[in-house]
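> Sequence first, then the predicted structure, then my questions.
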Amino acid sequence: MNAILLLSALLLGARAGEPSAYPPDATIQAAPAPVPSVNVLSLYDSVRLALTEDRDADAVAAARALVAAADPDLAATVQTVVDATSLADRRVAFGNVSRLLVARLAAGDGPKVIVYRCPMVDTYPFWIQLSRGIGNPYMGTAMPTCGMESSLKKAAKP
């Protein structure tokens, strides 16, 4: 047992018999992800609306604005929407943004949102809206009202 304590002390930079600078049960905890602000959600909704209306250039412009307003982790995910090379790929990337925002909203107290689910997509089927009335970003003008209301709890499940 003394050999284990000595090895632990050496690994932590302390000499045998001296107390460690770190408590033995110290853990490093990551800072919680920020809960999305109303501004971030409004910009997200602008991307959603552009995708719902098949306005690809507007979706890119709105996604760029969201990148500028987002924290680094969210910005990196939103950048995939900007970088996508087709409207279909942009919609898949938007699903990843939706998944991240849903997880953050489900983990903390954030603005009130409505969550919808599209049963027609094979990728992440949920999205967030700030107001009622389905505007499906995954199906666009082909099926803009396809979907049903859901909950953050269901949308946040893996």
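Everything's here; your move.
> residues in contact with Asn55?
That one is not Asn; residue 55 is Arg. Counting by C-beta atoms under 8 Å, 6 or more residues apart in numbering, Arg55 touches no other residue. Using the backbone N, CA and C atoms, a C-beta is placed for each residue, glycine as well.
> Please name the spatially closest residue to Thr80 (chain neighbours excluded).
Excluding its sequence neighbours, the residue lying closest to Thr80 (C-beta to C-beta, 6 or more residues apart in numbering) is Ala93, at 4.1 Å.
> In which helix or strand does the one you found reside?
Using DSSP states H and E, Ala93 maps to helix 87-107.
> What distance do you get for the nearest residue to Thr52 once chain neighbours are set aside to Thr145?
The shortest distance from Thr52 to any non-neighbouring residue, by C-beta to C-beta, 6+ apart, is to Gly135 (4.2 Å). Distance check for Gly135 against Thr145: by C-beta to C-beta, to the nearest Å, it reads 8 Å.
> Which of those two has more residues huddled nearby?
More crowded of Gly135 and Thr145, by other C-beta atoms under 10 Å: Gly135, with 18 against 10.
> any low-confidence regions in the protein?
Along the chain, segments meeting pLDDT under 70 span 1-32.
> mind listing what the residue sitting nearest the centre point of the chain touches?
Residue closest to the average C-alpha location in the chain (C-alpha atoms, centre = their mean): Leu100, at 1.5 Å. Neighbouring residues of Leu100 by C-beta under 8 Å, 6+ apart: 73-74, 77.
> Would you mind checking those for buried ones?
Among those, those buried by neighbour count (16 or more other C-beta atoms under 10 Å) are 74, 77.
> okay, now the residue nearest to Met148 when sequence neighbours are not counted: neighbour count?
Leaving aside its chain neighbours, Met148 sits nearest to Arg117 (5.8 Å; criterion: C-beta to C-beta, 6+ apart). Per other C-beta under 10 Å, the neighbour tally for Arg117 reads 21.
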